[in-house]
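[1] Here's a sequence, model it:
(chains A and B)
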Protein chains: 2
Amino acid sequence: MTVTLSRENERVVHVPLGDRAYDILIGPDLISHAGGEITSRLKVRKAAIVTDENVASQYLDRLVDSLQTDGVETVSLTLPPGEKTKSLEPLAAVCDMALSARIERNDAIIALGGGVIGDLAGFAAGIVRRGVRFVQIPTSLLSQVDSSVGGKTGINSRHGKNLLGVFHQPDLVLSDTSALDSLSEREFRAGYAEVAKYGLIDRPDFFEWLEKNWRDVFAGGPARAEAIAISCQSKADVVVEDERETGRRALLNLGHTFGHALEAATQYDSSRLVHGEGVAIGMVLAHRFSARLNLASTDDAKRVEAHLKAVGLPTEISDIPGELPPTEVLMDAIAQDKKVKSGKLTFILTHGIGQSFVANDVAASEVELFLKETLAR
Amino acid sequence: MTVTLSRENERVVHVPLGDRAYDILIGPDLISHAGGEITSRLKVRKAAIVTDENVASQYLDRLVDSLQTDGVETVSLTLPPGEKTKSLEPLAAVCDMALSARIERNDAIIALGGGVIGDLAGFAAGIVRRGVRFVQIPTSLLSQVDSSVGGKTGINSRHGKNLLGVFHQPDLVLSDTSALDSLSEREFRAGYAEVAKYGLIDRPDFFEWLEKNWRDVFAGGPARAEAIAISCQSKADVVVEDERETGRRALLNLGHTFGHALEAATQYDSSRLVHGEGVAIGMVLAHRFSARLNLASTDDAKRVEAHLKAVGLPTEISDIPGELPPTEVLMDAIAQDKKVKSGKLTFILTHGIGQSFVANDVAASEVELFLKETLAR
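    As a prediction, this is how the structure comes out:
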């Protein structure tokens, strides 16, 4: 565990990826100190900031002020919020902004926003001059605990999500915990599903800590920073072992096969289901499915369900408003997820809380049967 | 030296880049055997071929036949020839073709063509699903000895050449020496300038061998394959030491600072000057400039000039048809090349044939004076 304390209430997670190693700083009011943190760590003379309209109105001026105070020239591009921004035209616009500003390899593209902005800006940073520095300032809980670690960047294509992109590690991540105060409760909860996921993958102690302390995590303060730091450290541990996603990294998909299928079956309609909610339901289903295969105890599945329900997350497919998706639609979505090979699925199963594992040979027919029973209940 | 012989007249250069290591096969009629070479080395089930209209009419059917005979499903996209193809719309079209064909990470994008096609297809291979396999089948001498080694891919932007791209190493390169028979003599000669460059950088024996055997290299047969193999090996040696271009790799720019400036000053008008011709003049100037700085002997500069002149390459700025570019225009172009820092240039100089070195502190004023004198002669 290399989570360390620096300033008061500030934690540093070091991601040891050789010559692509970087630090994640986690603490309050980091946006206001971004200039100092960036210039003291990286030789950046210019920065091209990418953000969205919602975030810009709250934090862009503050970030620009801080950078300029520390002598960094800035340009910025504010894009519409939402998934549609993860496409080719906005990518070209970001690259053009960076090149117009003569951003060189040692200068930085800064992502100020959630996952969409991070994925888009990171992709641009990976291709401008074949790679410039990349600083992430994630402003949602989901992006602080998920996309800020791992170096995956990308945009969507008409053929599916994240189909174009590069692996490009950030040079620095500033996770401002104060920025989370302005999230809606629903958005914070959705991000929390991924926090709980890290406990369920391989940190049973962390899951137990969350069961006791989740109210403090939601309230803000040191418990929130602690949960974010442990989440980043957990993801970093997995990523460091498997940077290019050939094996163990698949564990991070716990709950995601069912989750993605539910998102697809509800047409990515965020009024019905957002990503983290799909993952919450998916994690409960993954534990139940593991119990059904006699790999884990039903008690563990119940414990997962109880905790996620306590924080206010959905845990059943029937919790999704609107008509239930039929089994065939869900199975189609799972097949589209490119994980079926000759009737076999790669699936993240578990032996219990914090004991997840990658199973490469789960019969699609077993999954189908399980989903049918689940939907019939 | 790891150039080895496999089939008759076939050479293999191994590029030892750790888990991104790959082989370059060099020999006659490789396009007709592409299917077997690819399937025996890589588990490729599908291939998306990118080519241009000139090359397609000669080699596309042959390549497709060979791949299909060996059980590889193929799709292909034929683009207009020329530098304009290195832009965003063709890149998007290549990515879309690959995704429509459901190319997975273990499948391949194949570049069949010269440098433009290789740079474009390689970029697409680097970003589709965050990286799929990439096979290069270079059909020009320049692309066989230059862009087939090093992993640089990219497209142009309105701000300049190659400003968007990634480093993405090929998984296999098939350099079909028979394909060079259909090049114009001018195009072959231009590629030859880069062959000679490797001798001038750090292989004096190779330069001497070229002085004696260049007619055989131009005629085809074993001497041609030998020259290509040694060129690839030379470039590979430099790239392996400095994959991400932070130091020694700059040696590959011998002759290129002057060469690029001449290309820019003649508006990239290929009727007046093509890249290799600019490099030929640039190499002669680099040797003369080094002699002027008392770093090398004038005899070596004369020897370089004599050899390039013998093969029919231009060696003087005045060899370029049309009006001579004025010094200021050339100096502007050099400054635009992003290599000037507070009046100092990074320049490849030499102590003599095969003794080039990177100089980081050449005064721009010295270069200017040298160019003025050169143009006044």
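
[2] so A:Phe357 sits in a strand?
    Yes. Under DSSP: H, G, I helix; E, B strand; the rest coil, A:Phe357 sits within a strand.

[3] Spell out which residues of chain A are next to chain B.
    With C-beta under 8 Å from any C-beta of the partner chain as the criterion, chain A meets chain B at residues A:88, A:92, A:95-96, A:99-100, A:104, A:123, A:126-131, A:152, A:154, A:157-160, A:163-167, A:244, A:338. From N, CA and C alone the C-beta is placed, and that goes for glycine too.

[4] Pull out the buried members of these.
    A:88, A:95-96, A:99, A:104, A:123, A:126-131, A:152, A:154, A:157, A:163-167 (16 or more other C-beta atoms under 10 Å in any protein chain shown).

[5] mind listing what the residue nearest the centre of chain A touches?
    Centroid check for chain A by C-alpha atoms, centre = their mean gives A:Asp146 as the closest residue, at 2.6 Å. Applying C-beta atoms under 8 Å, 6 or more residues apart in numbering or on different chains to A:Asp146 gives the contacts A:115, A:191, A:194, A:235.

[6] Ignoring the adjacent residues along the chain, who's closest to the second one?
    Using C-beta to C-beta, 6 or more residues apart in numbering or on different chains and skipping residues adjacent in sequence, the residue nearest A:Gly191 is A:Leu141, 2.8 Å away.

[7] how far away is the residue in the stretch 151-300 of chain A that chain B sits nearest to from A:Gln267?
    For the stretch 151-300 of chain A, the residue closest to chain B is A:His159, as judged by C-beta to the nearest C-beta, at 4.2 Å. To A:Gln267, A:His159 is 16 Å away according to C-beta to C-beta, to the nearest Å.

[8] How about A:Ile110?
    Taking C-beta to C-beta as the criterion, A:Ile110 is separated from A:Gln267 by 33 Å.

[9] the more surrounded of these two?
    Between A:Ile110 and A:Gln267, counting by other C-beta atoms under 10 Å in any protein chain shown, A:Ile110 is the more crowded of the two (29 against 9).

[10] pretty sure the more buried one belongs to a strand, no?
    Yes. The assignment for A:Ile110 is a strand, going by three-state DSSP.

[11] For it, list each beta-bridge partner.
    A:Ile49, A:Val135 (DSSP bridges).

[12] Please verify my assumption that it contacts A:Gly122.
    No. Assessed by C-beta atoms under 8 Å, A:Ile110 is found out of contact with A:Gly122, at 10.5 Å.

[13] so what sits against both of those two?
    A:134, A:136.

[14] just checking, A:Phe188 touches A:Gln144?
    No. In terms of C-beta under 8 Å, A:Phe188 does not count as a neighbour of A:Gln144; the distance is 10.8 Å.

[15] A:Ala179: neighbour count?
    24.

[16] can you map out the strands along chain A?
    With strands called from DSSP state E, chain A shows them at A:4-5, A:11-15, A:22-27, A:46-52, A:73-79, A:108-113, A:133-138, A:155-157, A:160-164, A:172-176, A:340-341, A:344-350, A:356-363.

[17] so of those strands, which one's packed in deepest?
    With neighbours taken as mean count of other C-beta atoms under 10 Å in any protein chain shown, those reach their highest mean count in strand A:108-113, at a mean of 31.

[18] Looking at the stretch 1-150 of chain A, which residue is nearest chain B?
    Across the stretch 1-150 of chain A, the shortest distance to chain B (C-beta to the nearest C-beta) belongs to A:Leu99, at 4.2 Å.

[19] So for that residue, what's the pLDDT?
    Predicted confidence (pLDDT) for A:Leu99: 96.

[20] mind listing what the closest residue to A:His168 other than its chain neighbours touches?
    Closest residue in space to A:His168, ignoring its immediate chain neighbours: A:Gly126 at 3.3 Å, by C-beta to C-beta, 6+ apart. Contacts for A:Gly126 (C-beta under 8 Å, 6+ apart) come out as A:134, A:153, A:165-168, B:166.

[21] A:Val132 versus A:Gly126, what's the distance?
    From A:Gly126 across to A:Val132, the span is 8 Å (C-beta to C-beta).

[22] Would you map the helices across chain A?
    In chain A, helices defined by DSSP state H lie at A:34-41, A:53-55, A:61-69, A:88-100, A:115-127, A:141-142, A:185-202, A:204-219, A:222-241, A:256-265, A:275-292, A:298-310, A:327-334, A:364-376, listed in chain order.

[23] Run through who's touching the first one.
    Read that as helix A:34-41. With C-beta under 8 Å, 6+ apart, helix A:34-41 has contacts from A:23, A:25, A:30, A:44, A:47, A:63, A:66-72, A:108, A:135, A:137, A:171-172, A:174.

[24] for the second one, same thing?
    With C-beta under 8 Å, 6+ apart as the contact definition, helix A:53-55 has outside contacts at A:78-81, A:112-114, A:117, A:139.

[25] swap the cut-off to 7 Å and go again
    Outside helix A:53-55, the residues within contact range by C-beta atoms under 7 Å, 6 or more residues apart in numbering or on different chains are A:78, A:80-81, A:112-113, A:139.

[26] wouldn't A:Thr78 be in contact with A:Tyr59 here?
    No. Using C-beta atoms under 7 Å, A:Thr78 makes no contact with A:Tyr59, being 11.2 Å away.

[27] show me what contacts A:Met97?
    Going by C-beta under 7 Å, 6+ apart, A:Met97 touches A:48, A:75, A:77.

[28] Could you export the residues you listed as a markdown table, including pLDDT?
    What follows is the contacts of A:Met97, written out as a markdown table (pLDDT from 0 to 100):
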| residue | pLDDT |
| --- | --- |
| A:Ala48 | 98 |
| A:Val75 | 98 |
| A:Leu77 | 98 |
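
[29] from those, which is closest to B:Val274?
    For those, the residue nearest B:Val274 by C-beta to C-beta is A:Ala48; the value is 34.6 Å.

[30] is it true that the closest one touches A:Ile109?
    Yes. At 5.0 Å, A:Ala48 counts as touching A:Ile109 under the criterion of C-beta under 7 Å.
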